[in-house]
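Student: Sequence below, structure please.
(2 chains)
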There are 2 protein chains.
Amino acid sequence: MLKIALVFLTGLFFLSLRPYCCGCSNILVVPMDGSHWINMEIILRELHIRGHNITVIHSAKSWYIPNNSTFYTSITRRMMEDEADKNFYNKMVLKVMECRKSWTFMHTFCQNDLIGSMLGQGNKILAGATAEILDDPVFIKKLQDTKFDLMLTDPGLPIGALLGSYLKLPMVFNVRWINTGEAHFTIAPSPLSYVPVSGSELSDQMDFLERTKNLLHYLHNLAQQHFIINPHYSDLLQRHFPPGSDLMSLQLAADIWLIRTDFVFEFPRPTMPNVVYIGGFQCKEAHPLPAELEDFMQSSGDHGVVFMSLGTLVSALSCETMEAIAAAFARLPQKVLWKFVGEKPSSLGNNTLLVKWLPQNDVLGHPKTRAFVAHGGTNGMYEAIYHGVPVVGLPLFFDQFDNILRLKVRGAARMVEAGSLTEESFLEALKDVLETPSYSNNMKRLSQLHQDLPMSPMDTAVFWIEYVIRNKGAAHLQAAGFSLPWYSYFCLDVAVFFIIITAAAIWASVTAYRNLFCHKSRRKRKAE
Amino acid sequence: MLKIALVFLTGLFFLSLRPYCCGCSNILVVPMDGSHWINMEIILRELHIRGHNITVIHSAKSWYIPNNSTFYTSITRRMMEDEADKNFYNKMVLKVMECRKSWTFMHTFCQNDLIGSMLGQGNKILAGATAEILDDPVFIKKLQDTKFDLMLTDPGLPIGALLGSYLKLPMVFNVRWINTGEAHFTIAPSPLSYVPVSGSELSDQMDFLERTKNLLHYLHNLAQQHFIINPHYSDLLQRHFPPGSDLMSLQLAADIWLIRTDFVFEFPRPTMPNVVYIGGFQCKEAHPLPAELEDFMQSSGDHGVVFMSLGTLVSALSCETMEAIAAAFARLPQKVLWKFVGEKPSSLGNNTLLVKWLPQNDVLGHPKTRAFVAHGGTNGMYEAIYHGVPVVGLPLFFDQFDNILRLKVRGAARMVEAGSLTEESFLEALKDVLETPSYSNNMKRLSQLHQDLPMSPMDTAVFWIEYVIRNKGAAHLQAAGFSLPWYSYFCLDVAVFFIIITAAAIWASVTAYRNLFCHKSRRKRKAE
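Tutor: The predicted structure follows:
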């Protein structure tokens, strides 16, 4: 009897830990490559464990997405990766560094132009790839016959959103970037007085000039969207979608937006009922390190370890910068663990260990880790927050400047310009973060708030994906405003109506007054 | 061993059902009376069970809030109830009915005027009551000495928000109404093109004229706030709060807004990171009915039962209306259960049972209940949604018209005008709801969506209350825009700057062109 009760209660306990599964559904996935895939893969593994059948469409030449997997069926199609320049990211870093030599107020616009031109090229290839799919009736028939229950996609590039709309599938976005900026700029009202535009390197506390810059950035991004991205899709939309469809209206039809954001990191801003936050869902408790690494960590004594990693796509810092970094590290009492690819710097100190790969989450979660020298990629920033490790940021491109800024204004990071980095400036920033307790304390407070949730971000993500499957969408959470033309959305037609009414009333009053006045004065004159 | 494991797992199971408690905190509560207290009481009982000490400030002449309670300490102070007219609500119903005889486009403004005048009177009394508290140093000292950890208040009337701000307490709102409308109008951007203003009786699908009406309603409410409500507090704010404080800035300092809304009911609209939805948190599974009532329900056979209740505060329908309702009920094949106070209608049929009080939630959850004839109070509407019972609405005042409209546009309710109700019109609406399956099906779909949540609304409410206590606030979830002056919030200063720059550029170009042109033509003339 006791045994039965035990089994029953064990079952109840594990059931109560996670929402119920809605059975084996067919999920079609169009992910993004690179670090975005790391996010998608974790969710897909979880969905697979819960019994869902997963089909992933990706490029055969993908950087990160394997063609053979135990947890999804692979469909390979031509994608952006098939035509990408392998040295693209390194070239981009050099161009960004060039931009940052210009006047501070202007360099963000220069960087945005680079991103705009990159988006233009990428979307041109993507639009072609999407057209190939939609123009292939055999492939489309195969997809339709599979009777998918859901399109799960990262809409950073719009192929998934277009395909999901075309197949009329309920749709969930796993998103942080869409169109020319952060996801909220597409789905929610974003007052420009306190919501900094992506790429502007502004915080939510802006003075008059900063608000002016923010508005200019918004207009800049809007122009990029209309003149650089949208034109690539116009032919495709005309041929395959109902009249009047545009890229944004198809994106706004997504049922749930799982935004990879948490407000301990992002500045608080308006949101929408069909937005769900899963920022940091990939973070987890640290596992023990391999013996060799553990010995190195322990050898640091009370000083602890500084951990440096600049992500996986870039090895573009100049030799001088690498030497300066190595020399600064050599002057620290801490040990340094540096994820490093390339030629070993000559100024490397005895305290520094270079490794080609290491388990980043486990190193960040190690009690000896004192600071994280990072490029500011989103995944790394959430791992740093999760484990409460303060950051010295060396942002290189894209959102990395904005990301480091978000931790900087919360007193949990310092930012160093990679282009003008010297041994002294880097050492000063390192020492500041290592020796001023507030950096560590502020990051620990962020960590505490980030983990104080009613439900883990991963369980939240899975719940809402299954919610859309079992309810065949979530139309009741979508705002009606999305279907309005822009002039109606902003009530400009009503405003014009009011102006006309007011002008007519003033004109009528003035005319009536004049007539009356003239009439009286005419009568007076006559009387005289 | 097995026994120990059993006890351990049982403990784990129950722990995992709810978020952890943060210990015995002191919570100061300023509730609202009437049906609002029903909502607050349920949360307070839950907080009491979880070990928190609760102190409630209320009027000794309260309608609903007992002076003696097992789960809170009572502090009685002069409040609005001390000066309220007991027949107020019945008089209000008659005035609203008078309003509704006017032109449809205008009657919502007439009703809003009534509410505005009521809010003016209420806030005058409230401002006096608040001043009495803040001017009483002994009382304030007593509150300060108790070292409260949190102010939990329903900000429908602002005394709690003012007192909480004065005592510098972290603050949680249990809210649906604040100032002159629904909570979102104070805390979140509300685009007037698809967010209907409270009291406008509009849906989220508005044509041009309706959007015009919506904008007028917004301006009407804004004027009421500025000219009818705010002036009562200006002296108080000047004497007791930092310079520049106004009612809205103190309200916007609340850490978490527990809004009693769910988007199966409310139209989807922008929201904010510190808004948490707990709509329908008071709903629960139906308990068995008392034997006599159960017999009555069962006697209805396959036809089932129609349940009618117009809430607790009103008994103002005219005798003719009551007779028409009773006569219509008498012609139904269903049995009718009518929560009724007053003289028995002469046209009452044998199928109708009048009762003074009954457990509404249990009747709505009974499998024999086929329709709910209701005035449209929020609590009743959420109970109807929870149990999937379609509604025939007889709204009388306040938000009841808007509430019924929300179910009507979802095909789950019919609305009947109480002022012009006849036996035939009421019977037609009743038969429509009882005999057309879509009403019941739509309400069952709403019920399914309403209950499909990762966590119960009550657990959500308790989690966020304890979150604010253990983190001593939630400042990181508050948008920075709240502290900006209105012209900066809307970037009007930047817009003026742009206009001046553009005008200057045009002027400079025209001047340069003229000078150049004149110069050239002068030279030409000279040359000739």
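Student: where are the low-confidence patches of chain A?
Tutor: Along chain A, segments meeting pLDDT under 70 span A:1-23, A:86, A:312-316, A:519-528.
Student: Apart from its neighbours in sequence, what residue is nearest the residue most central in space within it?
Tutor: In chain A, the centroid-proximal residue (C-alpha atoms, centre = their mean) is A:R176; its distance is 2.7 Å. Of all residues not flanking A:R176 in the chain, A:R260 sits nearest, at 4.4 Å (C-beta to C-beta, 6 or more residues apart in numbering or on different chains). To be clear about C-beta, it is placed using only N, CA and C from the backbone, and glycine gets the same treatment.
Student: go on, A:C99?
Tutor: Once flanking residues are discounted, A:C99 sits nearest to A:C110: 3.7 Å by C-beta to C-beta, 6+ apart.
Student: Would you tell me which residues of the stretch 201-350 of chain A are close to chain B?
Tutor: A:204-205, A:208, A:211-212, A:215, A:263-264, A:267-274 (C-beta under 8 Å from any C-beta of the partner chain).
Student: Kindly recompute the last result at 6 Å.
Tutor: Within reach of chain B by C-beta under 6 Å from any C-beta of the partner chain, the stretch 201-350 of chain A has these residues: A:204-205, A:211-212, A:215, A:263-264, A:268, A:270-271, A:273.
Student: Can you tell me the closest non-neighbouring residue to A:S456?
Tutor: Closest to A:S456 by C-beta to C-beta, 6+ apart is A:F281, at 7.4 Å.
Student: Spit out the contact partners of the one you found.
Tutor: When contacts are counted by C-beta atoms under 6 Å, 6 or more residues apart in numbering or on different chains, A:F281 touches A:457-458, A:461.
Student: Cross these against helices and list the overlap.
Tutor: Among the contacts of A:F281, DSSP state H puts A:457-458, A:461 in helices.
Student: quick check: longest helix of chain A.
Tutor: If you go by DSSP H, chain A has its longest helix at helix A:492-527.
Student: which other helices and strands contact that helix?
Tutor: Here helix A:492-527 touches helix B:208-224, going by 3 or more C-beta pairs under 6 Å, 6 or more residues apart in numbering or on different chains; DSSP states H and E.
Student: what do you get if the cut-off is 10 Å, keeping everything else the same?
Tutor: Applying 3 or more C-beta pairs under 10 Å, 6 or more residues apart in numbering or on different chains; DSSP states H and E, we find helix A:492-527 packed against helix A:486-489, helix B:208-224.
Student: list the buried ones in that helix?
Tutor: For helix A:492-527, burial by neighbour count (16 or more other C-beta atoms under 10 Å in any protein chain shown) applies to A:494, A:497.
Student: got the angle between it and helix B:208-224?
Tutor: Interaxial angle, helix A:492-527 versus helix B:208-224 (axes from the mean of the first three to the mean of the last three C-alpha atoms, to 10 degrees): 80 degrees.
Student: Output the ones in helices among the contacts of A:F281 in a markdown table; the columns should cover distance to chain B and neighbour count.
Tutor: Converted to a markdown table, the ones in helices among the contacts of A:F281 look like this (distance: C-beta to the nearest C-beta, whole Å; neighbours: other C-beta atoms under 10 Å in any protein chain shown):
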| residue | distance to chain B | neighbour count |
| --- | --- | --- |
| A:P457 | 12 | 22 |
| A:M458 | 12 | 18 |
| A:A461 | 11 | 25 |
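Student: tell me the SS of the residue in the stretch 301-450 of chain A positioned nearest to chain B?
Tutor: Residue of the stretch 301-450 of chain A nearest chain B, by C-beta to the nearest C-beta: A:L449 (6.3 Å). Classification of A:L449 by DSSP: H, G, I helix; E, B strand; the rest coil places it in helix.
Student: What of A:T70?
Tutor: With three-state DSSP as the basis, A:T70 sits in coil.
Student: so what's it up against?
Tutor: Neighbour list for A:T70: A:45, A:48 [criterion: C-beta atoms under 10 Å, 6 or more residues apart in numbering or on different chains].
Student: And the residue nearest to A:C99, how far from chain B?
Tutor: 21 Å (C-beta to the nearest C-beta, to the nearest Å).
Student: A:C99 too?
Tutor: From A:C99 to chain B the distance is 24 Å (C-beta to the nearest C-beta).
Student: close enough to count as contact, the residue nearest to the centre of chain A and A:G156?
Tutor: Yes. Counting by C-beta atoms under 10 Å, A:R176 touches A:G156, with 7.6 Å between them.
Student: what residues do those two have in common as contacts?
Tutor: The contact sets of A:R176 and A:G156 overlap at A:36, A:183 (C-beta under 10 Å, 6+ apart).
Student: and A:K408, what is it in contact with?
Tutor: A:K408 touches A:203, A:391, A:393, A:414-415, A:439, counting by C-beta under 10 Å, 6+ apart.
Student: And these, which of them are buried?
Tutor: For those, a burial check counting by 16+ other C-beta under 10 Å picks out A:203, A:391, A:393, A:414-415, A:439.
Student: Throw these into TSV and include secondary structure and distance to B:S59, thanks.
Tutor: Listed next are the buried ones among the contacts of A:K408 as TSV, based on DSSP: H, G, I helix; E, B strand; the rest coil; distance: C-beta to C-beta, whole Å:
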residue	secondary structure	distance to B:S59
A:S203	coil	45
A:V391	strand	53
A:G393	strand	56
A:R414	strand	55
A:M415	strand	56
A:Y439	helix	51
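Student: How many residues are close by A:S425?
Tutor: 14 (other C-beta atoms under 10 Å in any protein chain shown).
Student: May I have the distance across stretch A:158-177, first residue to last?
Tutor: Taking C-alpha to C-alpha, to the nearest Å as the measure, stretch A:158-177 stretches 11 Å from start to finish.
Student: next one: that stretch to chain centre, how far?
Tutor: Relative to the chain's own centre, stretch A:158-177 is displaced by 16 Å; criterion: C-alpha atoms, centre = their mean, to the nearest Å.
Student: what does stretch A:182-201 give?
Tutor: Using C-alpha atoms, centre = their mean, the offset of stretch A:182-201 from its chain centre is 12 Å.
Student: picking up where we left off before, now for the buried ones among the contacts of A:K408: which two are most distant?
Tutor: Farthest-apart pair in the buried ones among the contacts of A:K408 is A:S203 and A:Y439; separation 17.3 Å (C-beta to C-beta).
Student: buried set for stretch A:143-151?
Tutor: A:143, A:148-151.
Student: next one: stretch A:76-95
Tutor: Buried, per 16+ other C-beta under 10 Å, within stretch A:76-95: A:77, A:79-81, A:84, A:89-90, A:92-93, A:95.
Student: Export only the CA atoms of that stretch, formatted as PDB.
Tutor: This file holds the C-alpha atoms of stretch A:76-95, laid out as PDB (Å, rounded to 0.1, in the frame of the first residue of the first chain):
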ATOM      1  CA  THR A  76      17.500  21.000 -46.000                       C
ATOM      2  CA  ARG A  77      16.700  23.900 -48.400                       C
ATOM      3  CA  ARG A  78      18.800  26.700 -49.800                       C
ATOM      4  CA  MET A  79      19.200  29.400 -47.100                       C
ATOM      5  CA  MET A  80      21.400  32.400 -46.400                       C
ATOM      6  CA  GLU A  81      24.300  30.300 -45.200                       C
ATOM      7  CA  ASP A  82      24.700  28.800 -48.700                       C
ATOM      8  CA  GLU A  83      25.800  32.200 -50.000                       C
ATOM      9  CA  ALA A  84      27.400  33.700 -46.900                       C
ATOM     10  CA  ASP A  85      31.000  35.000 -46.800                       C
ATOM     11  CA  LYS A  86      32.800  33.000 -44.100                       C
ATOM     12  CA  ASN A  87      34.900  36.000 -43.100                       C
ATOM     13  CA  PHE A  88      31.900  38.200 -42.900                       C
ATOM     14  CA  TYR A  89      31.900  38.700 -39.100                       C
ATOM     15  CA  ASN A  90      35.600  39.600 -38.900                       C
ATOM     16  CA  LYS A  91      35.200  42.100 -41.700                       C
ATOM     17  CA  MET A  92      32.200  43.500 -39.900                       C
ATOM     18  CA  VAL A  93      34.100  44.000 -36.700                       C
ATOM     19  CA  LEU A  94      36.800  46.000 -38.500                       C
ATOM     20  CA  LYS A  95      34.100  48.200 -40.200                       C
END
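Student: Having no further points to raise, I will conclude here.
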